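Trainee: Here is my input; please provide its structure:
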Amino acid sequence: MKTRPFMRAAALAAALLMCGCATDISGKLPPLTEPSAVSTTAPATTAKTKKTTTTTTVTTTVTTSETTTETTTAETTPEPETLTETISVQTDSSEPMNEVYKNYTFTEEDKEFISKCVFVGDSICMGLKTYEVLPATQVLAKGNVAARSIFEYTFKLNGSEMSLLSALVDLRPEYVVFSMGMNDVNITSEQKYCENYDDLMSQVQTFLPDAKLIVLSITPITYSETGKLFTYPQNIDSFNAAIEEYLSTKENWTFCDVSHEMKNSMNMLKSLYLGSPDGVHLTRSAYDAILYQLCERFVHGKIYNAAGELVEETAETTTTAGTSSSGTSKNNDDDNITPHFVDE
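Mentor: This is a model prediction of the structure:
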């Protein structure tokens, strides 16, 4: 007797399943239906049958379907990848998951100082403009910018694309604040990073001899939504330590650590400051933390180390208006609105 083709195919599939060789297609399946969608269809089935004896049966079927959905979801969820075995925990169990956001109150002296600054940097620095924390004319930033490549880019100022030096000459700020380095840590060495910054700042100082130049620390990172790290946190710490030491011998060039306020106990970016799935870019509130620390250093003369410990408090400040007796302060009252520096 001849076997029809479809019967032969069915027999072959059955044999594969029995020996465990069937192809796994779970990754090709569409997303599982949410339990709420299942519950919505159940009454329609009951209404069509209109048999009191089947209502219980339908309810049982829905419950079983919901249980199966939950089990399948748990089995198909992939474990997040990590770079090394030593960095394998994504959350710090000792730190509350609902981290409290600290609002920051800025004094008039703080605002005066910030108004005298122009920020130069990469896509992280660009958040100051994107979130409208500062006017666009105070932020010369672009994605992919690095200390090693910044002169390859132009920056938009008052509707025109300009080189960095031309834009700074037009603006003539009292303070130039550099915020970059994330695009350097995976490509160059700490020594070359410092040399590139030296070249950048030397050229800026030539065109703006009276300006004070400030380098902000590279901001911390955390895991991406796929469980990966952009770089090792210790790499960022190493680059920050290198540029801090390098600038310590330079006149009018200063390093400012803004990262300690943004880190959790695992030396990673706090969850409330994470603004994108990549584990790198920041929320609006992160820029308040950055500006707060900048004002602490240059308005109120407070110098913190990488651990966030106050190591020095100088009497001299940068503003002519004098230092407020209260200084820059944090406010834990969630009802207070964090001030914007953008003109209303």
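
Trainee: burial count for Ser115?
Mentor: Around Ser115 sit 15 other residues, with neighbours defined as other C-beta atoms under 10 Å. To be clear about C-beta, it is placed using only N, CA and C from the backbone, and glycine gets the same treatment.

Trainee: what does Ile236 give?
Mentor: For Ile236, using other C-beta under 10 Å, the count is 22.

Trainee: Tell me who's in contact with it.
Mentor: 181, 185, 218, 220-221, 259 (C-beta atoms under 8 Å, 6 or more residues apart in numbering).

Trainee: pLDDT below threshold where in the stretch 1-150 of the chain?
Mentor: In the predicted model, the stretch 1-150 of the chain carries pLDDT under 70 at residues 1-102.

Trainee: so which two of the contacts of Ile236 are the farthest from each other?
Mentor: Greatest spacing in the contacts of Ile236, by C-beta to C-beta: Val185 and Ser259 (13.0 Å).

Trainee: so what sits against both of these two?
Mentor: In contact with both Val185 and Ser259: 218, 236, using C-beta under 8 Å, 6+ apart.

Trainee: where along the chain do the strands fall?
Mentor: 103-105, 117-121, 139-141, 154-157, 160-163, 175-179, 212-216, 253-256, 302-304, 310-313, 329-331 (DSSP state E).

Trainee: would you turn these into TSV with mean neighbour count and distance to Gly275?
Mentor: Converted to TSV, the strands of the chain look like this (neighbours: other C-beta atoms under 10 Å; distance: least, C-beta to C-beta, whole Å):
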stretch	mean neighbour count	distance to Gly275
strand 103-105	19	17
strand 117-121	24	16
strand 139-141	24	15
strand 154-157	16	22
strand 160-163	13	27
strand 175-179	24	15
strand 212-216	23	17
strand 253-256	20	21
strand 302-304	17	23
strand 310-313	10	28
strand 329-331	13	20
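
Trainee: Take those strands and write them to JSON lines, including distance to Ile290.
Mentor: Converted to JSON lines, the strands of the chain look like this (distance: least, C-beta to C-beta, whole Å):
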{"stretch": "strand 103-105", "distance to Ile290": "10"}
{"stretch": "strand 117-121", "distance to Ile290": "10"}
{"stretch": "strand 139-141", "distance to Ile290": "12"}
{"stretch": "strand 154-157", "distance to Ile290": "20"}
{"stretch": "strand 160-163", "distance to Ile290": "25"}
{"stretch": "strand 175-179", "distance to Ile290": "8"}
{"stretch": "strand 212-216", "distance to Ile290": "7"}
{"stretch": "strand 253-256", "distance to Ile290": "9"}
{"stretch": "strand 302-304", "distance to Ile290": "13"}
{"stretch": "strand 310-313", "distance to Ile290": "18"}
{"stretch": "strand 329-331", "distance to Ile290": "14"}
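
Trainee: For Lys263, see how far away the residue nearest to Tyr292 when sequence neighbours are not counted is.
Mentor: What sits nearest to Tyr292 in space, not counting adjacent residues and going by C-beta to C-beta, 6 or more residues apart in numbering, is Tyr104, at 4.4 Å. Between Tyr104 and Lys263 the computed distance is 17 Å (C-beta to C-beta, to the nearest Å).

Trainee: lowest-confidence stretch among the strands of the chain?
Mentor: Per-stretch mean pLDDT for the strands of the chain is lowest at strand 329-331 (a mean of 44).

Trainee: ok, back up a step: looking at the strands of the chain, spot the one closest to Tyr292.
Mentor: strand 103-105 (4.4 Å).

Trainee: Who are the packing partners of the closest one?
Mentor: Where contact means 3 or more C-beta pairs under 8 Å, 6 or more residues apart in numbering; DSSP states H and E, strand 103-105 is packed against helix 284-298, strand 329-331.

Trainee: just those: most buried one?
Mentor: Most buried of the helices and strands packed on strand 103-105 by mean neighbour count (mean count of other C-beta atoms under 10 Å) is helix 284-298; its value is a mean of 23.

Trainee: Make a markdown table from the contacts of Ile236 and add distance to Lys111 to it.
Mentor: Listed next are the contacts of Ile236 as a markdown table, based on distance: C-beta to C-beta, whole Å:
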| residue | distance to Lys111 |
| --- | --- |
| Gly181 | 27 |
| Val185 | 32 |
| Ile218 | 26 |
| Pro220 | 26 |
| Ile221 | 29 |
| Ser259 | 23 |
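
Trainee: Take those and lay them out in TSV including pLDDT, distance to Tyr193 and neighbour count.
Mentor: Converted to TSV, the contacts of Ile236 look like this (pLDDT from 0 to 100; distance: C-beta to C-beta, whole Å; neighbours: other C-beta atoms under 10 Å):
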residue	pLDDT	distance to Tyr193	neighbour count
Gly181	97	7	27
Val185	97	8	21
Ile218	98	10	25
Pro220	97	17	27
Ile221	97	17	22
Ser259	91	16	22
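
Trainee: which of those residues lies closest to Arg297?
Mentor: Using C-beta to C-beta, the contacts of Ile236 come closest to Arg297 at Ser259, 12.8 Å.
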